[in-house]
Every structure is written in structure tokens, then in C-alpha cells.
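[1] Turn this into a structure:
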Amino acid sequence: MQFTRIEYAVLLAGAFVLYWALARARVLRMLVLLAASYIFYGFWDWRYLALIVGSSALDYYVGAAIANSDEERRRKRLLLVSLVGNLGLLAAFKYFNFFADSAQALLSQLGVEIARAHLDVALPVGISFYTFQSMSYTIDIYRRELQPAQNPLNFLVFVAFFPQLVAGPIVRAREFLPQLESEPAIDRGTAGRAFFLIAIGLVKKNVIADLLAVNLVDRVFDTPLRYTSLEQLMGVYGYAFQIYCDFSAYTDIAMGSALLFGLKLPQNFDSPYRAASLREFWHRWHISLSSWLRDYLYIPLGGSHKSSARTYVNLTATMLLGGLWHGADWKFVIWGALHGLGLAFTRAFQRLRPEAKPLGGVARVLAMIVTFHFVCLAWIFFRAKSFDHAWQLLGGLFTFSGGAANITPLIWTMLGLALVTHLLPDRIVDGAREILAEMPAPIQAAVLVLAVLLVRWAGTTEVVPFIYFQF
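    As a prediction, this is how the structure comes out:
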């Protein structure tokens with residue numbers, strides 16, 4: 001069920017009406033959210049509802065058992081049950097074929113031929129998100145940083161809440177469960193902010209991201225040899241802005257949808273291409289994942305409190321696994337390795353200049369440009385259909401051939417619009433949101449309707465799934 005389709009609007013509106021009609025009955029309103037979430041997920045494939053219910057039940061009972069035990073060995077065994085259960089789901093449905101095929105290829109190179117082991121299963125949408133979210137709950141309880149949920153219904157909603165279920169943000173139980181346990185409230189200002197986020201998300205997705213995908217990015221990445229160096233470069237830039245507008249649009253719509261129920265989701269993006277270093281980029285891009293990797297992987301590995309060499313290894317290992325989290329393909333491993341090595345280099349450079357002042361003025365602009373192009377270089381492997389296509393594109397960029405005859409005025413307009421909207425000062429965006437929040441409800445609704453009409457008029461007629469649905 002796509003956020004941009006009528007089915008989602010019907011589900012959201014129906015859940016909204018029922019939720020607030022039953023707002024004083026806590027159990028009933030939670031049942032509305034849970035039913036809407038399972039309908040949303042079952043719309044993709046009802047058979048995979050068993051996975052999310054199973055993951056939720058496992059961590060609810062394991063979390064309670066950990067909290068009720070004072071014996072450290074038993075607590076560790078229970079935590080291991082949660083980790084094995086959740087990672088086992090990921091291994092079976094997402095990674096089994098990848099590792100089996102990789103092992104077969106390696107053995108074949110060594111002259112050993114074995115029969116191919118392959119599971120013919122589809123990847124359950126959102127499995128990487130909800131397993132990480134559910135797993136963090138038991139880890140936090142084990143660390144004594146969180147008390148277990150007292151109500152299983154609240155916990156089921158925490159894991160399956162439909163606006164953020166399939167592509168985040170990854171929510172922490174300590175932030176979300178208290179909201180479910182408190183009495184909900186909504187006013188005109190909250191509704192206006194919700195409509196603003198949904199409207200912005202629809203425009204970013206359908207007008208910018210999808211038009212860039214259909215008219216530029218897909219063509220360049222599918223057949224890179226047909227295009228000149230400048231056209232290939234514009235294709236890479238186009239993908240950088242497509243994936244940002246696509247993914248941040250999902251987050252905007254998710255945050256807006258959640259606000260309609262009086263619930264707040266964490267911010268997931270903060271103008272990432274304004275970053276002046278790779279470290280800053282990861283404080284601005286997919287914030288909920290980068291903070292998850294930091295808290296549950298990087299710091300347990302030792303973080304930056306070990307030797308310099310160990311810190312660099314920790315950074316690289318964390319980003320390698322972060323790349324693999326995105327997909328069962330070596331291109332994602334390469335993407336993660338590039339970011340890991342880039343972060344290690346950044347850390348090493350900073351240690352050479354510990355007293356350096358924060359960059360400003362021209363120096364910061366130059367650092368932003370360098371960081372952006374490094375990120376774009378890594379995006380080539382992330383997006384390419386294969387390594388051959390990636391190398392073709394990389395090679396073509398440095399032939400410095402031809403002009404840009406295939407870059408139409410529409411494409412230039414979308415690239416310019418993506419850049420301008422990304423570089424808009426925060427005060428302008430925040431100001432527009434607050435202006436809408438103070439307007440009467442009919443005007444707020446009219447703005448959302450205008451956004452839908454703009455999408456239908458200016459957006460592509462092709463259905464382009466959200467990029468992160470594949471993860």
C-alpha cells in the first residue's frame with residue numbers, strides 16, 4: 001500500500017475517525033491503530049503478518065523475562081533468544097540466498113562444485129526496520145535503560161505502527177511507548193503541521209523524486225554507455241536528490257500521519273547535503289538508523305574509546321554492516337565500506353588537527369562540495385544494477401565527452417528545484433509550517449487538497465515505489 005495511493009488515504013482517514021471517536025476508550029483506540037497497522041501490512045502480503053506478530057510476541061515475553069530476572073547468565077541467554085530470533089528472520093528471508101550464492105561462487109573459484117542452495121521466498125517489506133526496532137527494546141531492557149511494556153497491546157502497536165512500519169523512522173520504545181500510554185490530544189495547530197508534512201512529502205515524492213527517476217536517473221543508470229560524461233554526472237546528481245526527496249518524503253508523510261493521532265515520530269533527516277564532513281552527513285542522513293548503529297553496534301564494539309586503529313576498525317565494521325542492512329548484495333557492502341573508510345579517514349584527519357576551529361565561510365562551502373561528491377560517488381554503487389554498470393558509469397564520468405542534449409528543461413528544472421528546496425534556510429520551512437498551523441481548519445485541508453492536485457497535474461503517471469521499501 002503506497003502512501004501516494006488512494007488506498008492509503010482511505011485507511012488513514014478511516015483510522016483517524018475511529019481513533020478519535022474512541023479516544024476515551026484506551027483499549028479500543030489501540031485496537032484501531034493495531035487493526036489499521038495489520039491491514040496496512042497485510043495489503044502487501046497477508047502471509048507475512050505472522051512474521052511481525054511473531055517478532056513482537058517474542059520480544060514482549062523475552063523483555064518481561066529479562067526484567068524479572070536478576071541472574072546475569074539467564075538475562076544474557078534471554079537476550080540471545082531475542083537476537084537469534086530477530087536476526088534469524090533477517091537471515092532466512094533476506095540474506096540466506098546472498099551468502100549461499102557467495103559461498104558457492106567462492107568454492108567454484110577454488111575448483112569445488114556444490115549444488116546451489118536457494119530459498120524461493122519474497123523479501124517481506126519492512127523486515128529490516130521492524131526487527132531492529134523490536135530488537136532494540138529487549139537490548140534496552142537488558143541494559144536496564146527501559147522498563148518492559150505493561151500492556152501487550154501497546155507493544156504490538158509500537159512494533160507495527162503503520163505510518164513508519166515499512167521504512168522508518170526506527171523508533172525507540174522509550175520514546176514511543178509513553179506516548180501510547182498517555183491520553184491523546186490534537187488541536188488545530190497539530191493538524192496543520194500534519195497536513196503540511198503530508199503535503200510536502202507528496203510533492204517531494206511525486207513531483208521531484210519520481211520525475212527525476214523516470215526522466216533521468218533510471219535511463220542513465222540502466223544504460224550508462226548511451227550518455228555523455230555530463231549527462232552521466234547529472235544522472236548521479238539526480239539520484240542523490242531522488243533518494244533524498246524519496247526517502248525524506250516517506251518520513252514527512254509518516255510524521256504527518258502520526259501527528260493526526262497525536263503521536264510524534266523522530267526526525268530522520270536534516271538537510272544532509274549541507275554537511276561539511278562525512279561524520280556530519282551521518283548526523284543528518286537517516287538519523288534513526290545511524291543512531292541505532294551507533295548505540296547498538298559501534299559503541300558496544302568499543303566506539304572511539306579504544307586505540308586509534310581500533311576506532312577505525314569499529315567505524316568501518318559498523319558501516320559495512322550498515323551497508324549489508326540495506327540489502328543482500330555486494331554493491332551495498334561496497335557502499336558501506338566506502339562510508340566506513342571515509343569516516344575513518346575523517347576521524348584520522350581530525351586527530352591530526354585537534355585544535356582546528358569549525359569551518360566557516362568559503363572553507364565550509366568547499367568542504368560541503370567535497371563531501372557531497374564523495375557521497376555521490378558512493379551512491380553510484382548503491383544504485384547501479386550491477387558492478388559492470390557501476391564501472392561503466394565511473395569510467396564514463398572521466399572521459400569528459402560531449403554535451404547534455406538528453407537533459408531536457410524539465411530535468412534541469414527538477415534538479416534546480418531539488419537543490420533550492422534542500423538549501424532553503426530552516427527558518428523559512430519552519431515559518432511556513434507554523435503559518436499553516438495557525439490557519440483555520442478548512443484552509444489547512446485546502447492546502448492538502450492543492451498538494452494532491454499539484455501531484456496529479458505535475459507528477460509522473462508511472463507508479464514509482466519508495467526506494468527504501470526494498471530494504
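[2] okay, CA-based contacts and neighbour counts for the rest of this
    Fine.
[3] what does stretch 284-297 contact?
    Outside stretch 284-297, the residues that touch it by C-alpha atoms under 8 Å, 6 or more residues apart in numbering are 136, 168-171, 266-272, 275, 282-283, 318, 322.
[4] ok, now stretch 435-451?
    188-193, 195-196, 198-200, 202-203.
[5] Show me which of those are buried.
    Among the contacts of stretch 435-451, those scoring as buried are Gly189, Thr190, Ala191, Gly192, Arg193, Phe195, Phe196, Ile198, Ala199, Ile200, Leu202, Val203 (criterion: 16 or more other C-alpha atoms under 10 Å).
[6] residues in contact with the fourth one?
    It refers to Gly192. Arg433, Glu434, Leu436, Ala437, Glu438, Met439, Ala441, Gln444 are the contacts of Gly192 under C-alpha under 8 Å, 6+ apart.
[7] Which residue, other than its chain neighbours, is closest to it?
    Once flanking residues are discounted, Gly192 sits nearest to Ala437: 4.1 Å by C-alpha to C-alpha, 6 or more residues apart in numbering.
[8] State the mean pLDDT of the helix or strand containing that neighbour.
    Counting by DSSP states H and E, the element that carries Ala437 is helix 426-438. Here helix 426-438 scores 84 as its mean pLDDT.
[9] Now do Trp412 against Thr223, distance only.
    To Thr223, Trp412 is 20 Å away according to C-alpha to C-alpha, to the nearest Å.
[10] which other helices and strands contact the helix or strand that contains Gln232?
    For Gln232, the host element (DSSP H and E) is helix 229-259. Secondary-structure packing of helix 229-259 (3 or more C-alpha pairs under 8 Å, 6 or more residues apart in numbering; DSSP states H and E): helix 188-202, helix 210-212, helix 218-222, helix 361-383, helix 387-397, helix 409-423.
[11] Out of the ones you listed, which one sits most buried?
    Highest mean neighbour count of those: helix 210-212, a mean of 27 (counted as mean count of other C-alpha atoms under 10 Å).
[12] can you give me the mean pLDDT across that one?
    Here the average pLDDT along helix 210-212 is 93.
[13] Buried subset of the contacts of stretch 284-297, written for ChimeraX?
    This is the ChimeraX syntax for the buried subset of the contacts of stretch 284-297, where burial follows 16+ other C-alpha under 10 Å:
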select :136,168,169,170,171,266,267,268,269,270,271,272,275,282,283,318,322
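[14] nearest residue to Leu320 other than its sequence neighbours?
    That would be Gly336: by C-alpha to C-alpha, 6+ apart, it lies 4.5 Å from Leu320.
[15] Need the pLDDT of that neighbour.
    So, for Gly336, pLDDT stands at 96.
[16] Which helix or strand contains it?
    Gly336 is part of helix 330-352 when elements are defined by DSSP H and E.
[17] and that helix, what does it pack onto?
    Helix 330-352 packs on helix 278-284, helix 308-326, helix 361-383, going by 3+ C-alpha pairs under 8 Å, 6+ apart.
[18] mind checking how far that helix is from the chain centre?
    20 Å (C-alpha atoms, centre = their mean, to the nearest Å).
[19] same deal with stretch 64-80?
    Its chain's C-alpha centre and that of stretch 64-80 lie 31 Å apart, by C-alpha atoms, centre = their mean.
[20] For it, give me every contacting residue.
    Contacts for stretch 64-80 (C-alpha under 8 Å, 6+ apart): Val62, Thr138, Ile139, Ile141, Tyr142, Arg144, Gln147, Pro148, Ala149.
[21] Buried by neighbour count, from the residues you listed: which ones?
    Val62, Thr138, Ile139, Ile141, Tyr142, Gln147, Pro148, Ala149.
[22] separation between the fifth one and Asp45?
    With distances defined as C-alpha to C-alpha, the gap from Tyr142 to Asp45 amounts to 33 Å.
[23] cool, the third one as well?
    Distance, Ile139 to Asp45, by C-alpha to C-alpha: 29 Å.
[24] now the last one
    Between Ala149 and Asp45 the distance is 28 Å, computed by C-alpha to C-alpha.
[25] count of neighbours near the residue nearest to Ser304 when sequence neighbours are not counted?
    Spatially, and ignoring its direct neighbours in sequence, Ser304 is nearest to Thr311 (4.9 Å; C-alpha to C-alpha, 6+ apart). Using other C-alpha atoms under 10 Å, Thr311 is surrounded by 21 other residues.
[26] circling back: would you list the buried entries among the contacts of Gly192?
    For these, buried by 16+ other C-alpha under 10 Å: Arg433, Glu434, Leu436, Ala437, Glu438, Ala441, Gln444.
[27] quick one: pLDDT of the residue in the chain sticking out farthest from the centre?
    Relative to the centre of the chain, and counting by C-alpha atoms, centre = their mean, the farthest-placed residue is Gly111 at 40.5 Å. Looking at Gly111, its pLDDT reads 74.
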